[in-house]
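>>> Here you go, sequence then predicted model.
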Amino acid sequence: MQWADQRVERLSRALADSIPGWRFEPAVQALLALRGVDVVTAIGPVAEIGDLSRFEHPRKLMGYLGLVPSEHSSGEQLRRGSITKTGNGHARRLLIVAAWNYRFKPRIGRRAHQRQQGLAEPIQALIGSRPTAVEPTEQPLPVPIDPVMRLAATIRATLEAPTTAPKG
């Protein structure tokens, strides 16, 4: 089993070493600033999706990833079901696994905070990063972030909401 762990570590390092100079490096760096995203999780969707500008609208990207609801329509009646899961399953799986980290209390650890510092200001504003001084001896930063807190509250409310059985 140790050889498998060593192989994963070696491949992860090789992926991390391939980021500098890559044309999608800014996109990978922006994803690395999010909670639950590390090197493999950042590189995977970017490599699978490619240039985001090829999608006219975010709905097209969601369709490509299979993150749109299925639909059963007849005349005036419209019923939506679970996500279609068509499209790129690898990218969809990586994004969903990363998104699950937002169900926890919104906090930023030292490593994520350091990754956010070099990002462009529009990206920092999007993820809600706050500039703070960090001493090298401090523990992980318990800095709640406003947009992330709203997202976490929405996810908690969704998970705690009672579910209703589908009519059919």
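Done, it's in. Just so we're clear, the structure is a prediction, and the values are computed from it rather than from any experiment.
>>> CA only for contacts and neighbour counts going forward, please
Fine.
>>> what sits up against stretch 153-161?
Under the contact criterion CA atoms under 8 Å, 6 or more residues apart in numbering, stretch 153-161 has outside partners Y102, R103.
>>> Stretch 63-80 too?
With contact meaning CA under 8 Å, 6+ apart, stretch 63-80 is reached by M62, G81, S82, I83, T84, K85, T86, G87, N88, G89, A91, R92.
>>> Okay, and the third one sits in which element?
With elements taken from DSSP states H and E, the one containing S82 is strand 77-83.
>>> Equivalent analysis for the first one, please.
Assigned by DSSP H and E, M62 belongs to helix 58-65.
>>> That helix: what's the following helix or strand?
Counting by DSSP H and E, what follows helix 58-65 is strand 69-74.
>>> could you give the mean pLDDT of that following strand?
The pLDDT scores in strand 69-74 average 88.
>>> what's the spacing between it and its chain's center?
Distance, stretch centre to chain centre, for strand 69-74: 27 Å (CA atoms, centre = their mean, to the nearest Å).
>>> May I see the buried residues of that strand?
Counting neighbours by 16 or more other CA atoms under 10 Å, one finds that strand 69-74 has no buried residues.
>>> Tell me the strands beside that strand, with direction?
Strand pairing for strand 69-74, determined by DSSP bridges: strand 77-83 (antiparallel).
>>> now the angle between helix 58-65 and the strand it pairs with, please.
60 degrees (axes from the mean of the first three to the mean of the last three CA atoms, to 10 degrees).
>>> can you give me the helices in this structure?
Per DSSP state H, the chain carries helices over the ranges 2-18, 25-32, 39-49, 58-65, 89-99, 110-117, 121-127, 146-160.
>>> and these as JSON lines, adding distance to S73 and mean pLDDT?
Output for the helices of the chain, formatted as JSON lines (distance: least, CA to CA, whole Å; pLDDT from 0 to 100):
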{"stretch": "helix 2-18", "distance to S73": "45", "mean pLDDT": "94"}
{"stretch": "helix 25-32", "distance to S73": "37", "mean pLDDT": "88"}
{"stretch": "helix 39-49", "distance to S73": "30", "mean pLDDT": "93"}
{"stretch": "helix 58-65", "distance to S73": "18", "mean pLDDT": "93"}
{"stretch": "helix 89-99", "distance to S73": "25", "mean pLDDT": "91"}
{"stretch": "helix 110-117", "distance to S73": "44", "mean pLDDT": "76"}
{"stretch": "helix 121-127", "distance to S73": "37", "mean pLDDT": "70"}
{"stretch": "helix 146-160", "distance to S73": "26", "mean pLDDT": "73"}
